[in-house]
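Student: Model the structure of this input:
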Amino acid sequence: MSGPILLFDSGVGGLSVAAALRARLPGAALAYVCDNAMLPYGTKPDDWLVMRIADVCCAAVEASGASALVVACNTASTLALRELRERLTIPVIGTVPAIKPAVAASRSGTFGLLATSATVHRPYTEALIREFAAHCRVVRVAADGLVAQAERAQAGGALDSQVLAAELAALWAEPTLDTVVLGCTHFPLLAESLNACAPRPITWIDSGEAIARRVASVVASPAPASGAGPAWATSPDKGLVTALARYGFAAPRQLAGVDSSAKSRAMSR
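Tutor: Numbering: from 1, shown residues only. Okay, here's the model as predicted:
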(Lines give C-alpha, C1' and ligand atoms only; values in the text may rest on other atoms or scores of the structure.)
Protein backbone atom coordinates (compact mmCIF):
# COMPACT_ATOMS: atom_id res chain seq x y z
CA MET A 1 0.00 0.00 0.00
CA SER A 2 1.60 3.29 -1.10
CA GLY A 3 -1.18 5.89 -1.13
CA PRO A 4 -2.60 8.00 1.70
CA ILE A 5 -5.38 7.00 4.06
CA LEU A 6 -8.45 8.80 2.73
CA LEU A 7 -11.08 10.15 5.12
CA PHE A 8 -14.59 10.84 3.84
CA ASP A 9 -17.45 12.80 5.39
CA SER A 10 -20.35 14.94 4.23
CA GLY A 11 -18.60 17.97 5.75
CA VAL A 12 -15.91 18.73 8.33
CA GLY A 13 -16.99 16.08 10.86
CA GLY A 14 -14.34 13.67 9.64
CA LEU A 15 -11.69 16.05 10.92
CA SER A 16 -12.37 14.74 14.42
CA VAL A 17 -11.35 11.31 13.14
CA ALA A 18 -8.34 12.81 11.38
CA ALA A 19 -7.15 14.14 14.75
CA ALA A 20 -7.43 10.66 16.28
CA LEU A 21 -5.59 9.13 13.32
CA ARG A 22 -2.76 11.65 13.57
CA ALA A 23 -2.37 10.79 17.26
CA ARG A 24 -2.28 7.04 16.53
CA LEU A 25 -0.28 7.21 13.25
CA PRO A 26 1.62 10.52 13.46
CA GLY A 27 3.76 9.90 10.41
CA ALA A 28 1.03 8.57 8.09
CA ALA A 29 -0.09 10.36 4.94
CA LEU A 30 -3.75 11.39 5.12
CA ALA A 31 -6.12 12.79 2.51
CA TYR A 32 -9.60 14.21 2.98
CA VAL A 33 -12.76 14.46 0.90
CA CYS A 34 -16.14 15.91 1.76
CA ASP A 35 -19.43 16.09 -0.09
CA ASN A 36 -20.34 19.46 1.34
CA ALA A 37 -22.42 20.36 -1.72
CA MET A 38 -25.02 17.92 -0.36
CA LEU A 39 -24.69 18.74 3.35
CA PRO A 40 -26.53 17.67 5.47
CA TYR A 41 -26.85 13.99 4.59
CA GLY A 42 -29.39 13.32 7.34
CA THR A 43 -32.22 14.89 5.36
CA LYS A 44 -31.66 12.97 2.11
CA PRO A 45 -33.39 9.74 0.90
CA ASP A 46 -31.49 6.55 1.76
CA ASP A 47 -31.40 5.03 -1.74
CA TRP A 48 -30.12 8.25 -3.27
CA LEU A 49 -27.51 8.60 -0.54
CA VAL A 50 -26.07 5.11 -1.06
CA MET A 51 -25.33 5.85 -4.72
CA ARG A 52 -24.13 9.36 -3.98
CA ILE A 53 -21.73 8.25 -1.24
CA ALA A 54 -20.34 5.49 -3.44
CA ASP A 55 -19.84 7.84 -6.39
CA VAL A 56 -18.06 10.49 -4.30
CA CYS A 57 -15.83 7.99 -2.51
CA CYS A 58 -14.86 6.13 -5.67
CA ALA A 59 -13.99 9.38 -7.43
CA ALA A 60 -11.90 10.49 -4.45
CA VAL A 61 -10.09 7.16 -4.18
CA GLU A 62 -9.15 7.45 -7.84
CA ALA A 63 -8.01 11.06 -7.44
CA SER A 64 -5.94 10.39 -4.31
CA GLY A 65 -4.57 6.91 -5.02
CA ALA A 66 -5.68 6.00 -1.50
CA SER A 67 -4.55 2.80 0.18
CA ALA A 68 -7.58 2.71 2.51
CA LEU A 69 -10.87 4.56 2.91
CA VAL A 70 -12.20 5.67 6.29
CA VAL A 71 -15.91 6.50 6.13
CA ALA A 72 -15.79 9.08 8.91
CA CYS A 73 -19.54 9.59 8.92
CA ASN A 74 -22.11 7.60 10.91
CA THR A 75 -24.92 8.15 8.40
CA ALA A 76 -22.79 7.06 5.45
CA SER A 77 -21.44 4.06 7.34
CA THR A 78 -24.85 2.74 8.33
CA LEU A 79 -26.00 3.02 4.72
CA ALA A 80 -23.23 2.48 2.22
CA LEU A 81 -20.44 0.23 3.54
CA ARG A 82 -21.63 -2.79 1.55
CA GLU A 83 -21.82 -0.79 -1.68
CA LEU A 84 -18.39 0.71 -1.10
CA ARG A 85 -16.78 -2.64 -0.35
CA GLU A 86 -18.29 -4.09 -3.51
CA ARG A 87 -16.99 -1.24 -5.68
CA LEU A 88 -13.55 -0.72 -4.13
CA THR A 89 -10.57 -3.04 -3.82
CA ILE A 90 -8.94 -1.19 -0.90
CA PRO A 91 -9.92 -1.64 2.78
CA VAL A 92 -13.01 0.35 3.84
CA ILE A 93 -13.34 1.20 7.55
CA GLY A 94 -16.66 2.51 8.83
CA THR A 95 -17.91 4.51 11.81
CA VAL A 96 -20.68 3.43 14.16
CA PRO A 97 -22.02 4.91 17.42
CA ALA A 98 -19.90 3.83 20.41
CA ILE A 99 -22.72 2.03 22.23
CA LYS A 100 -20.61 -0.75 23.76
CA PRO A 101 -18.04 1.63 25.32
CA ALA A 102 -20.90 3.73 26.72
CA VAL A 103 -22.34 0.70 28.50
CA ALA A 104 -18.96 0.12 30.15
CA ALA A 105 -18.55 3.78 31.09
CA SER A 106 -22.00 4.49 32.52
CA ARG A 107 -22.29 3.98 36.25
CA SER A 108 -26.06 4.49 36.36
CA GLY A 109 -27.02 2.43 33.31
CA THR A 110 -28.61 5.50 31.72
CA PHE A 111 -26.74 7.11 28.85
CA GLY A 112 -27.53 9.33 25.92
CA LEU A 113 -27.10 8.83 22.20
CA LEU A 114 -26.64 12.24 20.60
CA ALA A 115 -26.72 11.88 16.82
CA THR A 116 -28.45 13.09 13.69
CA SER A 117 -32.01 12.05 12.99
CA ALA A 118 -30.69 9.79 10.23
CA THR A 119 -28.62 7.80 12.75
CA VAL A 120 -30.71 7.82 15.93
CA HIS A 121 -33.43 5.44 14.72
CA ARG A 122 -31.65 3.59 11.92
CA PRO A 123 -31.95 -0.25 12.07
CA TYR A 124 -28.17 -0.56 12.44
CA THR A 125 -28.29 1.61 15.56
CA GLU A 126 -31.25 -0.34 16.90
CA ALA A 127 -29.28 -3.56 16.49
CA LEU A 128 -26.29 -2.13 18.38
CA ILE A 129 -28.52 -1.12 21.28
CA ARG A 130 -30.24 -4.52 21.38
CA GLU A 131 -26.90 -6.34 21.34
CA PHE A 132 -24.93 -4.28 23.83
CA ALA A 133 -27.36 -2.10 25.82
CA ALA A 134 -30.58 -4.05 26.20
CA HIS A 135 -30.33 -3.70 29.98
CA CYS A 136 -29.69 0.06 29.85
CA ARG A 137 -31.88 3.10 29.42
CA VAL A 138 -30.74 4.82 26.23
CA VAL A 139 -31.95 8.38 25.74
CA ARG A 140 -31.87 9.05 22.00
CA VAL A 141 -31.64 12.67 20.96
CA ALA A 142 -31.59 13.85 17.34
CA ALA A 143 -29.44 16.99 17.28
CA ASP A 144 -29.22 17.91 13.60
CA GLY A 145 -28.66 21.55 14.48
CA LEU A 146 -25.26 20.74 15.96
CA VAL A 147 -23.93 19.78 12.52
CA ALA A 148 -24.33 23.34 11.24
CA GLN A 149 -22.80 24.66 14.48
CA ALA A 150 -19.71 22.48 14.01
CA GLU A 151 -19.38 23.55 10.37
CA ARG A 152 -19.64 27.20 11.44
CA ALA A 153 -17.14 26.86 14.27
CA GLN A 154 -14.53 25.13 12.12
CA ALA A 155 -14.85 27.89 9.53
CA GLY A 156 -14.04 30.44 12.24
CA GLY A 157 -17.59 31.50 13.10
CA ALA A 158 -19.21 31.90 16.50
CA LEU A 159 -21.43 29.26 18.06
CA ASP A 160 -25.06 29.99 18.93
CA SER A 161 -25.40 29.14 22.62
CA GLN A 162 -29.19 29.01 22.36
CA VAL A 163 -29.02 26.35 19.64
CA LEU A 164 -26.59 24.27 21.70
CA ALA A 165 -28.80 24.49 24.78
CA ALA A 166 -31.94 23.56 22.85
CA GLU A 167 -30.29 20.59 21.12
CA LEU A 168 -29.01 19.17 24.43
CA ALA A 169 -32.03 19.89 26.64
CA ALA A 170 -33.61 16.43 26.33
CA LEU A 171 -30.46 14.83 27.75
CA TRP A 172 -30.55 16.81 30.98
CA ALA A 173 -34.20 15.87 31.58
CA GLU A 174 -32.90 12.44 32.66
CA PRO A 175 -31.45 12.98 36.17
CA THR A 176 -29.41 9.75 36.26
CA LEU A 177 -27.84 10.16 32.81
CA ASP A 178 -24.06 10.25 33.23
CA THR A 179 -22.65 9.36 29.81
CA VAL A 180 -23.30 10.59 26.27
CA VAL A 181 -22.33 8.91 23.00
CA LEU A 182 -21.39 11.44 20.33
CA GLY A 183 -22.95 9.57 17.42
CA CYS A 184 -21.93 12.03 14.72
CA THR A 185 -18.33 12.82 13.84
CA HIS A 186 -19.16 16.54 13.78
CA PHE A 187 -19.98 16.52 17.48
CA PRO A 188 -16.49 15.89 18.96
CA LEU A 189 -15.44 19.13 17.27
CA LEU A 190 -17.78 20.84 19.74
CA ALA A 191 -16.59 18.87 22.77
CA GLU A 192 -15.59 21.83 24.96
CA SER A 193 -18.80 23.72 24.24
CA LEU A 194 -20.97 20.66 24.82
CA ASN A 195 -19.29 19.98 28.13
CA ALA A 196 -19.79 23.59 29.18
CA CYS A 197 -23.53 23.15 28.63
CA ALA A 198 -23.75 20.10 30.90
CA PRO A 199 -25.41 20.72 34.30
CA ARG A 200 -23.35 17.94 35.91
CA PRO A 201 -20.24 15.86 35.14
CA ILE A 202 -20.76 13.86 31.96
CA THR A 203 -18.57 11.26 30.26
CA TRP A 204 -18.50 11.98 26.52
CA ILE A 205 -17.67 9.09 24.20
CA ASP A 206 -16.90 9.17 20.49
CA SER A 207 -15.59 6.66 17.98
CA GLY A 208 -12.42 8.44 16.89
CA GLU A 209 -9.89 6.47 18.91
CA ALA A 210 -11.52 3.13 18.08
CA ILE A 211 -11.48 3.99 14.38
CA ALA A 212 -7.82 4.96 14.59
CA ARG A 213 -6.97 1.63 16.24
CA ARG A 214 -8.84 -0.23 13.52
CA VAL A 215 -7.07 1.67 10.75
CA ALA A 216 -3.69 1.01 12.36
CA SER A 217 -4.44 -2.73 12.39
CA VAL A 218 -5.57 -2.75 8.75
CA VAL A 219 -2.94 -0.45 7.24
CA ALA A 220 0.24 -2.05 8.56
CA SER A 221 2.69 0.18 6.66
CA PRO A 222 1.03 3.51 5.88
CA ALA A 223 2.64 5.84 3.38
CA PRO A 224 4.70 8.58 5.08
CA ALA A 225 3.30 12.09 5.18
CA SER A 226 4.95 14.77 3.05
CA GLY A 227 3.59 18.24 3.69
CA ALA A 228 -0.07 19.11 3.99
CA GLY A 229 -2.48 16.32 3.14
CA PRO A 230 -4.38 16.72 -0.13
CA ALA A 231 -8.10 17.44 0.07
CA TRP A 232 -11.10 17.47 -2.23
CA ALA A 233 -14.62 18.83 -1.90
CA THR A 234 -17.73 18.91 -4.04
CA SER A 235 -18.11 22.63 -3.21
CA PRO A 236 -14.80 24.21 -2.12
CA ASP A 237 -15.14 27.44 -0.15
CA LYS A 238 -13.12 29.72 2.14
CA GLY A 239 -14.61 28.30 5.33
CA LEU A 240 -13.54 24.82 4.32
CA VAL A 241 -10.02 26.06 3.60
CA THR A 242 -9.83 27.39 7.17
CA ALA A 243 -11.18 24.18 8.73
CA LEU A 244 -8.91 21.85 6.77
CA ALA A 245 -5.80 23.93 7.45
CA ARG A 246 -6.34 23.51 11.20
CA TYR A 247 -5.94 19.76 10.78
CA GLY A 248 -2.98 19.75 8.42
CA PHE A 249 -4.76 19.57 5.07
CA ALA A 250 -4.22 21.67 1.97
CA ALA A 251 -6.90 23.87 0.43
CA PRO A 252 -9.50 21.57 -1.14
CA ARG A 253 -9.68 20.98 -4.85
CA GLN A 254 -12.89 20.46 -6.76
CA LEU A 255 -13.68 16.74 -6.93
CA ALA A 256 -14.05 15.80 -10.58
CA GLY A 257 -16.54 13.31 -11.93
CA VAL A 258 -19.32 14.00 -9.41
CA ASP A 259 -22.43 16.08 -10.09
CA SER A 260 -22.73 18.96 -7.62
CA SER A 261 -25.28 20.95 -9.58
CA ALA A 262 -28.55 22.44 -8.40
CA LYS A 263 -30.35 19.73 -10.37
CA SER A 264 -28.61 17.02 -8.35
CA ARG A 265 -29.49 18.78 -5.10
CA ALA A 266 -33.12 18.99 -6.16
CA MET A 267 -33.21 15.26 -6.97
CA SER A 268 -31.98 14.46 -3.47
CA ARG A 269 -34.94 16.11 -1.78
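Student: ok, the residue nearest to A153 when sequence neighbours are not counted to E151 distance?
Tutor: Of all residues not flanking A153 in the chain, L159 sits nearest, at 5.6 Å (Cβ to Cβ, 6 or more residues apart in numbering). (C-beta placed from N, C-alpha, C; glycine too.) Going from L159 to E151 by Cβ to Cβ, to the nearest Å gives 11 Å.
Student: repeat for A37
Tutor: 13 Å.
Student: Can you report how many residues neighbour L240?
Tutor: Per other Cβ atoms under 10 Å, the neighbour tally for L240 reads 23.
Student: where does it fall, helix, sheet strand or coil?
Tutor: helix (DSSP: H, G, I helix; E, B strand; the rest coil).
Student: For it, give me its contacts.
Tutor: V12, C34, N36, A155, A233, P252 (Cβ atoms under 8 Å, 6 or more residues apart in numbering).
Student: Flag the least confident of these.
Tutor: Of all the contacts of L240, A155 has the smallest pLDDT value, namely 91.
Student: Surely that one and G239 touch.
Tutor: Yes - assessed by Cβ atoms under 8 Å, A155 is found in contact with G239 at 2.9 Å.
Student: For the stretch 151-269 of the chain, give me the ranges with low pLDDT.
Tutor: 261-269 (pLDDT under 70).
Student: Could I get the full set of strands for it?
Tutor: 179-182, 203-205, 231-233, 253-254 (DSSP state E, counting those that start in this stretch).
Student: Who are the packing partners of the second one?
Tutor: Spelled out, that is strand 203-205. Packing partners of strand 203-205 (3 or more Cβ pairs under 8 Å, 6 or more residues apart in numbering; DSSP states H and E): helix 99-105, strand 179-182, helix 191-197.
Student: mind listing what's buried in the first one?
Tutor: Translated: helix 99-105. Buried residues in helix 99-105, counting neighbours by 16 or more other Cβ atoms under 10 Å, are found at I99, K100, P101, A102, V103, A105.
Student: Please give the centre-to-centre distance between it and its chain.
Tutor: For helix 99-105, the separation from the chain centroid amounts to 19 Å (computed by Cα atoms, centre = their mean, to the nearest Å).
Student: avg pLDDT for that helix?
Tutor: pLDDT averaged over helix 99-105 gives 96.
Student: Comparing L159 and E151, which residue is more hemmed in?
Tutor: Taking neighbours as other Cβ under 10 Å, L159 and E151 compare with E151 leading, 22 against 14.
Student: surely that one meets L15?
Tutor: No - using Cβ under 8 Å, E151 makes no contact with L15, being 10.6 Å away.
Student: if I look at these two, which residues touch both of them?
Tutor: Common neighbours of E151 and L15 (Cβ under 8 Å, 6+ apart) are A243.
Student: would JSON lines of the buried residues of helix 99-105 with distance to L164 be doable?
Tutor: As requested, the buried residues of helix 99-105 are exported to JSON lines (distance: Cβ to Cβ, whole Å):
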{"residue": "I99", "distance to L164": "23"}
{"residue": "K100", "distance to L164": "27"}
{"residue": "P101", "distance to L164": "24"}
{"residue": "A102", "distance to L164": "21"}
{"residue": "V103", "distance to L164": "26"}
{"residue": "A105", "distance to L164": "22"}
